[in-house]
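Visitor: Make a model of this:
(one chain, ligands or ions: 1)
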Amino acid sequence: MGKEAVVAKSSPDACGHLIAMLFRRNLLDFSAEERSHFVQALDLAKRTTHPQYVIATRRSEEILGDDGNTPQFENISIYNYFVWTHYYSVKKTFLGPGQESFGEVDFSHEGPAFLTWHRFHLLQLEKDMQDMLQDPSFALPYWDFATGKNVCDVCTDDLMGARSSWDPAAISSNSVFSQWRVVCESLEDYDTRGTLCNSTEGGPIRRNPAGNVARPTVQRLPAPQDVAQCLEVGSFDTPPFYSNSTDSFRNTVEGNDPMGRYDPAVRSLHNLAHLFLNGTGGQTHLSPNDPIFVLLHTFTDAVFDEWLRRHDADISTFPLENAPIGHNRQFNMVPFWPPVTSTEMFVTAADNLGYTYEVQWPSQNFSISEIVTIAVVAALGLVGLIFLGTSYLIRARSKMDEANQPLLIDQYQPYDGGYEKAQNATQPMV
Ligand SMILES: O=C1C=c2cc(C(=O)O)[nH]c2=CC1=O
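Guide: Numbers count the residues shown, from 1 in each chain. Just a heads-up that it's a prediction; the model follows:
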């Protein structure tokens, strides 16, 4: 049995059957043995031909090849299939020779399906790896990227690969990931010749965390507070269901301003984590080639799942229509097969999908204005308490004085020398 997952409990599915629960854990909590097992599993997925899927390497117009008789499909490895599906979802649309390709269609980003698309993407890889390992308990771990730091803590040789000492944008030769070669990098071909990404591998993974000197705002990872604030955004998504949606949880976690305001210069959470990697992992058509992509997205999915749990999974703000192409609730998510819609993925994972996350969520810090309000209310309360306490003490004190000094009580006879007179009366005269 794989060590990544602890199948500690089971839960009933929609039909009432018991399904084992997978625990997606923080990669940094893995033991040395678990780390090695996970890295080897990824490497095996990179080298194992996908047992079920082939990829199309030409558009439907040319799918039978130049002679009209040679189907343009190729085998691909399990991991490279994961890369290819992401590439396909973001690829530009070829409009014809000599024409600029159309880049405004993105089936997996900048729209409501961002979270549901990537959730299914991860589930497919996880299932493929379980089958490859013949281990149904294999679970993908996550990278809690919301550290607020300017270092990549999973970039060590026992995990995702340290920085090479020779080239700051390369992976150390002690890591197996320095041997990985990327697919889908021939953008020029796709955009000018209308070809599609094929299974041919090219250059190595490039990664230079925090190293983008031209853009200081992407040299530091998101902070825990960004996650806490994002989880407070109440609506799943808002019109126009795009990258400029305000007060939208989806747009906030995808990576605009943590308060849900739109500022094109701002990158946070998921987008910031991609750009922080500064290399293969920061370019949308290529990013899954860097295996950190898997961990970055499991964490993003964990935030989504926590939001679904806290806000009671209300799909009413997931549009039925008017979202960008591919992003409406009932659309099949491109290019997954068998067909799957966002609605099917808009459910709490533990109750419906058989997995859950072990995460300690950061609590919300108070803003300056909230701190001032709390301080004023507390000060007023204190003044009130002091006033009440003082008046009570004064009243109690005066009651005590009355009890302890009976001579001051009105009814008591004032001293008039009567005692002495009486005494004198009983004394015999000498
Ligand atoms: O692979 C991705 C790369 C990204 C870069 C940005 C950005 O905000 O500039 N966003 C990205 C999302 C990705 O999925």
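Visitor: going forward, measure contacts between C-alpha atoms and count neighbours the same way
Guide: Noted.
Visitor: Any residues of the stretch 101-250 of the chain in contact with the ligand? List them.
Guide: Contact residues (CA under 6 Å from any ligand atom) of the stretch 101-250 of the chain with the ligand: there are none.
Visitor: just the helices in the stretch 101-250 of the chain please.
Guide: Counting by DSSP state H, counting those that start in this stretch, the stretch 101-250 of the chain has helices at residues 113-133, 187-193, 224-230, 249-254.
Visitor: Kindly reformat those as CSV containing mean pLDDT.
Guide: Shown next, in CSV, are the helices of the stretch 101-250 of the chain (pLDDT from 0 to 100):
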stretch, mean pLDDT
helix 113-133, 98
helix 187-193, 94
helix 224-230, 95
helix 249-254, 95
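Visitor: most packed of those?
Guide: Comparing those by mean neighbour count (mean count of other CA atoms under 10 Å), helix 249-254 comes out on top with a mean of 29.
Visitor: Out of the helices of the stretch 101-250 of the chain, flag the one nearest Arg206.
Guide: Arg206 lies closest to helix 187-193 among those, at 16.4 Å (CA to CA).
Visitor: who touches that closest one?
Guide: Lys92, Thr93, Phe94, Pro97, Gly98, Gln99, Glu100, Ser101, Thr195, Leu196, Cys197 (CA atoms under 8 Å, 6 or more residues apart in numbering).
Visitor: For the ligand, what's its nearest residue on the stretch 151-300 of the chain.
Guide: Ranked by CA to the nearest ligand atom, the top residue of the stretch 151-300 of the chain for proximity to the ligand is Thr284, at 3.3 Å.
Visitor: With respect to the ligand, which of the contacts of helix 187-193 is nearest?
Guide: Of the contacts of helix 187-193, the one sitting nearest to the ligand (CA to the nearest ligand atom) turns out to be Lys92, at 14.4 Å.
Visitor: who's in contact with the closest one?
Guide: Counting by CA under 8 Å, 6+ apart, the residues that Lys92 touches are Ser101, Phe102, Gly103, Glu104, Val105, Asp191.
Visitor: how far away is it from Phe177?
Guide: Lys92 sits 28 Å away from Phe177 when distances are taken as CA to CA, to the nearest Å.
Visitor: Leaving aside the residues adjacent along the chain, what's closest to Pro71?
Guide: Leu64 (4.3 Å; CA to CA, 6 or more residues apart in numbering).
Visitor: Are we agreed that that neighbour is in a strand?
Guide: No. The assignment for Leu64 (DSSP: H, G, I helix; E, B strand; the rest coil) gives coil, which keeps it out of a strand.
Visitor: residues touching it, list them.
Guide: Contacts of Leu64 (CA under 8 Å, 6+ apart): Thr70, Pro71, Gln72.
Visitor: Just give me the longest strand of this protein.
Guide: strand 49-56 (DSSP state E).
Visitor: List the pairing partners of that one within its sheet, with orientation.
Guide: strand 73-77 (antiparallel) (DSSP bridges).
Visitor: Only the buried residues of the partner strand, if you could.
Guide: Phe73, Asn75, Ile76, Ser77 (16 or more other CA atoms under 10 Å).
Visitor: Could you do stretch 40-48 as well?
Guide: Ala41, Leu42, Asp43, Leu44, Ala45, Lys46, Thr48.
Visitor: Run through the stretch 1-150 of the chain and note the low-pLDDT ranges.
Guide: Applying pLDDT under 70 to the stretch 1-150 of the chain picks out residues 1-19.
Visitor: Buried ones only from the contacts of helix 187-193, please, as a PyMOL command.
Guide: To isolate the buried members of those in PyMOL, using 16+ other CA under 10 Å:
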select buried, resi 92+93+94+101+195+196+197
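Visitor: which one among the contacts of helix 187-193 gets closest to Phe82?
Guide: When the contacts of helix 187-193 are compared against Phe82 (criterion: CA to CA), the nearest one is Cys197, at 12.4 Å.
Visitor: Appreciated, that's everything.
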